[in-house]
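Engineer: Return atomic coordinates for the entry below.
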Amino acid sequence: MIKAIVAGAAGRMGKRIIDMIHKNTEITLSGAFERPDHPSVNEDAGLTAGIGEMGVRIAGSLADVIDQGDVLIDFTTPQATLENMALASPRGLAVVIGTTGITGDILKDVMELARKTRCVLAPNMSVGVNVMFKIAQEMAKILGKDYDMEILEVHHRLKKDAPSGTAMRLAQVLADTVGRDLDRVGIYERKGIIGERTDDEIGIQTWRAGDITGEHTVMFAGIGERLELIHRAHNRDNFARGAVKAAIWVMGQPQGLYDMQDVLGLK
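Structural biologist: Numbering: from 1, shown residues only. Next up is the predicted model:
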């Protein structure tokens, strides 16, 4: 039985991951933790997740539970993820990272640490979204040089990063497929007299409202027609289910950095 440690155990994603682990016969919850000042520290992780007592108390740091598991599942914040990786990697603890908004030097450091252990790093663990990445790539191969490409992402009002990690991954897929530099052609805001749209630009726009779990649209617009590829998440269970699938999968892999395309056999 694979033993999992869940970071951010009292958060929205953490609680759903714990529930999905509880329902799976191949993996069990062996550790859970939150930041030291979180009010749920020392509570039973199962009770916090709303699924009944599990006998696993929520600790105040990874250091308190790191020896209790085989794999860490981390959906927290970029800085917290980096700190967790700094502990997990030297110990050879396998890691599944679904944290969004990891960029710049933090991303470089996380990836360097990830390569020294077994790690699945993905901005979105949903099976559907990862199929979307694959389909978007194929559409860009066929249409991208002749059609304008735009991305719209919509999330709940509490989401802290923008654009979403999924939107940025989609934009990178499109840019790489048609041979463009996303840093140069990515457009994140349009306001005022901006002139005509250039042929190379890729628009990545953001909406925030209500309790929307997540929606991503990729549009290929030509003269007289457009095609839209849409994924809508109705709840967080699909992300949690994918994370648990990745945790089970990565335990059978050699040292290295992987993503959900590897987990799902889409490469």
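Engineer: R57: neighbouring residues, count only.
Structural biologist: 18 (other CB atoms under 10 Å). C-beta here means a position set from N, CA and C on the backbone, and glycine is covered the same way.
Engineer: Surely it is in contact with L47?
Structural biologist: No. Look at R57 against L47 with CB atoms under 8 Å: they stay out of range, at 10.1 Å.
Engineer: Would you mind confirming that F133 is in contact with L264?
Structural biologist: No. F133 is beyond contact range of L264, at 10.0 Å (criterion: CB under 8 Å).
Engineer: Which element, helix or strand, includes G101?
Structural biologist: Using DSSP states H and E, G101 falls within no helix or strand.
Engineer: Quick check: closest non-adjacent residue to it.
Structural biologist: Sequence neighbours aside, D161 is the residue nearest to G101 in space, at 3.2 Å (criterion: CB to CB, 6 or more residues apart in numbering).
Engineer: Touching, the one you found and T99? I think so.
Structural biologist: No. With contacts counted by CB under 8 Å, D161 stays clear of T99, the gap being 9.5 Å.
Engineer: Give me the more crowded residue out of those two.
Structural biologist: Here D161 and T99 are compared on neighbour count by other CB under 10 Å; more neighbours surround T99, at 25 against 16.
Engineer: Assumed the more buried one was part of a strand.
Structural biologist: No. Judged by DSSP: H, G, I helix; E, B strand; the rest coil, T99 forms no part of a strand; its state is coil.
Engineer: Distance of it relative to H22?
Structural biologist: 22 Å (CB to CB, to the nearest Å).
Engineer: same check, this time on G50
Structural biologist: Relative to H22, and taking CB to CB, G50 is found at 11 Å.
Engineer: So if I had to pick from those two, which one is more boxed in?
Structural biologist: When G50 is set against H22 and neighbours are counted by other CB under 10 Å, the residue ahead is H22, at 17 against 10.
Engineer: Helix or strand: which one has the more buried one?
Structural biologist: helix 12-23.
Engineer: in that helix, what counts as buried?
Structural biologist: M13, G14, K15, R16, I17, I18, D19, M20, I21, H22 (16 or more other CB atoms under 10 Å).
Engineer: Next: stretch 48-59.
Structural biologist: Buried, per 16+ other CB under 10 Å, within stretch 48-59: T48, A49, M54, V56, R57, I58, A59.
Engineer: is it true that the last one touches S30?
Structural biologist: When you say that, I think you mean A59. No. Using CB under 8 Å as the test, A59 is too far from S30 to be in contact (11.4 Å).
Engineer: Find the residues that touch each one of those two.
Structural biologist: Here A59 and S30 have V65 as joint contacts, going by CB atoms under 8 Å, 6 or more residues apart in numbering.
Engineer: So for F133 and L264, which sits in the more crowded spot?
Structural biologist: Shown here are F133 and L264; by other CB under 10 Å, F133 has more neighbours (23 against 17).
Engineer: dump the residue contacts of the closest residue to the more buried one other than its chain neighbours.
Structural biologist: Among residues not flanking F133 along the chain, V173 sits closest, at 5.6 Å (CB to CB, 6+ apart). By CB under 8 Å, 6+ apart, the contact set of V173 is F133, A136, Q137, A140.
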